[in-house]
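Asks: Predicted model and sequence follow; I will ask about them next.
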Amino acid sequence: MKKLYKALLLALIIGVASGCARQNSEINSQKEKEQVSKVEEKSDNKLDSKKLYVSFYPIEYMAKEIAKDKIEVVNIMPKGASIHEWEPSAQDIKNLSKSKMFIVNGLELEGWLDDVKTNLNNTEIIDSSNSIEKIKIEEEEDHDHDHDHDHDNDHEEHEHDHDHEEHHHHGEYDPHIWISPREARIQLKNVYEAIVKFDSENKDYYEENYKQLDKKFEDLDKKYEETLKSQKDKYFIVPHEAFGYLARDYEIKQVPIEGINSDSEPDLNKMKELTNFAKSHKINTVFYELGESDKIASSLAKEINAKTAGLSTMESKTKDIEDGKDNYFSLLEKNLEAISQAN
């Protein structure tokens with residue numbers, strides 16, 4: 001009996017020891033996995049530390065022209081997406097959270113940014129609209145072009161449309177600063193300073209690239225001013241209210257078919273209002289947005305016996321941009337040519 005007891009006790013001790021060994025082995029294995037995971041995570045972060053994220057195409061163009069091959073510039077917004085409508089996915093936010101820096105347009109163009117900031121604790125957000133003399137967005141019923149008619153009835157009849165526009169409203173200031181070469185120079189400087197902060201070791205390289213690009217924008221600004229001098233105080237019918245800074249800087253007047261966010265088509269009352277205004281001011285060109293339908297512009301042009309022409313807002317990255325046929329700077333040049341040819 002004593003022999004049996006000793007045998008059972010020995011088996012129990014061996015079993016416990018074996019179980020402990022297996023448990024220790026599993027713990028050690030788990031620790032190894034965690035360590036590998038941490039190493040991989042650090043490796044991912046290290047890779048992402050050279051990725052500079054930007055919010056949309058014009059900033060991508062500026063950053064790439066300054067950084068060249070020294071930094072990987074990543075535009076978070078996909079090709080063809082509209083800056084007024086697009087919102088980041090969970091994966092986009094995860095990618096941003098690993099980045100050292102994210103350059104945005106500012107002025108609440110990126111309407112989704114406030115909602116994701118809590119996930120970007122380690123990401124420095126740079127507002128490229130700093131030092132811009134901002135244009136305040138006027139109320140919907142007052143922002144149109146010196147019309148001498150009553151908007152009260154229109155406001156009541158289209159309250160639903162107004163609410164829809166408020167859903168996409170980005171803020172109290174016009175965010176379309178990049179459309180004017182003069183404002184773009186300020187934005188460009190902000191992007192340059194952010195890049196130097198991102199990678200100070202290559203400051204001299206970035207400075208040289210920035211100076212060359214700034215000179216191009218300076219020359220284009222002068223060309224806009226000289227070319228549009230003869231168009232001073234003239235009205236231009238534009239696809240949507242995105243040309244406020246350009247109009248202010250070069251002393252012309254925009255007459256928008258659609259509002260600041262370009263998210264709704266004009267109703268019959270609006271079209272009648274535009275028709276009467278265009279006839280009374282002898283407007284002979286109606287602009288549509290390049291890459292978008294020209295149906296509304298063509299309809300209005302037919303009513304006033306005018307021609308149509310395209311303007312670009314550069315709000316999305318088009319196929320022509322992807323294919324290298326156009327870029328931000330060339331589109332600014334094309335906008336000037338189109339406006340200057342509108343008699």
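Replies: On my side now, so go ahead.
Asks: hey, where'd the strands end up in the stretch 201-343 of the chain?
Replies: Ranges of strands in the stretch 201-343 of the chain, per DSSP state E, counting those that start in this stretch, are 235-240, 253-258, 285-289, 307-311.
Asks: If it's not too much trouble, I'd like these exported to TSV so that distance to Ala67, mean pLDDT and mean neighbour count sit alongside each entry.
Replies: Glycine gets a C-beta too; all of them are placed from N, C-alpha and C. Listed next are the strands of the stretch 201-343 of the chain as TSV, based on distance: least, Cβ to Cβ, whole Å; pLDDT from 0 to 100; neighbours: other Cβ atoms under 10 Å:
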stretch	distance to Ala67	mean pLDDT	mean neighbour count
strand 235-240	31	96	24
strand 253-258	33	95	20
strand 285-289	29	96	23
strand 307-311	29	97	17
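Asks: Show me what the helix or strand harbouring Gln187 is packed up against.
Replies: Per DSSP states H and E, Gln187 falls inside helix 181-198. Counting contacts by 3 or more Cβ pairs under 8 Å, 6 or more residues apart in numbering; DSSP states H and E, helix 181-198 packs against helix 57-67, strand 101-104, strand 124-127, helix 203-227, helix 244-250.
Asks: and if we set it to 10 Å?
Replies: The elements that helix 181-198 packs onto, with contact taken as 3 or more Cβ pairs under 10 Å, 6 or more residues apart in numbering; DSSP states H and E, are strand 51-54, helix 57-67, strand 101-104, strand 124-127, helix 203-227, helix 244-250, helix 328-340.
Asks: now for the first one, which elements pack on it?
Replies: Applying 3+ Cβ pairs under 10 Å, 6+ apart, one finds that strand 51-54 makes contact with helix 57-67, strand 72-75, helix 90-97, strand 101-104, strand 124-127, helix 181-198.
Asks: Need the winner for burial among the ones you listed.
Replies: helix 57-67 (a mean of 24; mean count of other Cβ atoms under 10 Å).
Asks: pLDDT averaged over it, what's the number?
Replies: What helix 57-67 shows for mean pLDDT is 98.
Asks: Tell me what angle that helix forms with helix 181-198.
Replies: 60 degrees (axes from the mean of the first three to the mean of the last three Cα atoms, to 10 degrees).
Asks: just checking, what packs against helix 57-67?
Replies: So helix 57-67, by 3+ Cβ pairs under 10 Å, 6+ apart, packs with strand 51-54, strand 72-75, strand 101-104, helix 181-198, helix 203-227, helix 319-322, helix 328-340.
Asks: out of those, which comes closest to Ala63?
Replies: For the helices and strands packed on helix 57-67, the distance to Ala63 is smallest for strand 72-75, at 4.5 Å, taking Cβ to Cβ.
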